[in-house]
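Enquirer: Generate coordinates for the sequence data below:
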Amino acid sequence: MTNLVRDFSSRTLKRDEKIETFNAKWLDTVRVMESNDMKLPDKYIVNLYLVSLGRRYRTLETMTQVLPSTERTLTKVMKLAVDHHQQESVDEADTSDTALLAEIQHRGYSV
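Expert: Numbers count the residues shown, from 1 in each chain. Predicted structure coming up:
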């Protein structure tokens, strides 16, 4: 059980991992812990889940903070995470490095 808790507490969403798969494993671990008399407070579980999603879900973390307390449930936040991921997966070109490349060229470096 100690290993399960250690892995659960340090688990983070990997870049190539599907959010649905991550959520399913997360819920399974919560269920196993609860069945072994290790029920954690709901607020703690929600916050631990948000931390496990990583920096790219910071907007979701902010959105969750302003939700009414009745809606700040693990189920609701997991659904929002799936929606957030779908919005992030738009078929647009990745131009995140364009400004950096322009600045490098402006300073006289070759790319």
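
Enquirer: May I have the predicted confidence score for L101?
Expert: Looking at L101, its pLDDT is 73.

Enquirer: Next: the one 4 residues further on.
Expert: Here, the pLDDT recorded for Q105 equals 79.

Enquirer: which intervals of the protein have sub-threshold pLDDT?
Expert: For the chain, applying pLDDT under 70 flags the ranges 86-96, 111.

Enquirer: Show me where it has its helices.
Expert: For the chain, the helices defined by DSSP state H cover 2-10, 19-35, 42-53, 58-65, 74-88, 98-106.

Enquirer: Take those helices and write them to TSV, including mean neighbour count.
Expert: (Glycine included, C-beta is placed from N, CA and C.) Formatted as TSV, the helices of the chain follow (neighbours: other C-beta atoms under 10 Å):
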stretch	mean neighbour count
helix 2-10	11
helix 19-35	15
helix 42-53	16
helix 58-65	14
helix 74-88	15
helix 98-106	10
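
Enquirer: Tell me which residue is most central in the protein.
Expert: Residue closest to the average C-alpha location in the chain (C-alpha atoms, centre = their mean): L53, at 1.9 Å.

Enquirer: how much space between the residue nearest to that one when sequence neighbours are not counted and E20?
Expert: Nearest in space to L53, with sequence neighbours left out and distances taken as C-beta to C-beta, 6 or more residues apart in numbering, is L13 at 5.1 Å. In this view, L13 and E20 are 11 Å apart by C-beta to C-beta, to the nearest Å.

Enquirer: what does V82 give?
Expert: Counting by C-beta to C-beta - V82 and E20 are separated by 6 Å.

Enquirer: I'd say I19 and A81 touch.
Expert: Yes: counting by C-beta atoms under 8 Å, I19 touches A81, with 5.7 Å between them.

Enquirer: From the centre of this protein, give me the residue that's furthest out.
Expert: G108 (38.7 Å).

Enquirer: Look at R72 and say how many residues are nearby.
Expert: When neighbours are counted by other C-beta atoms under 10 Å, R72 registers 16.
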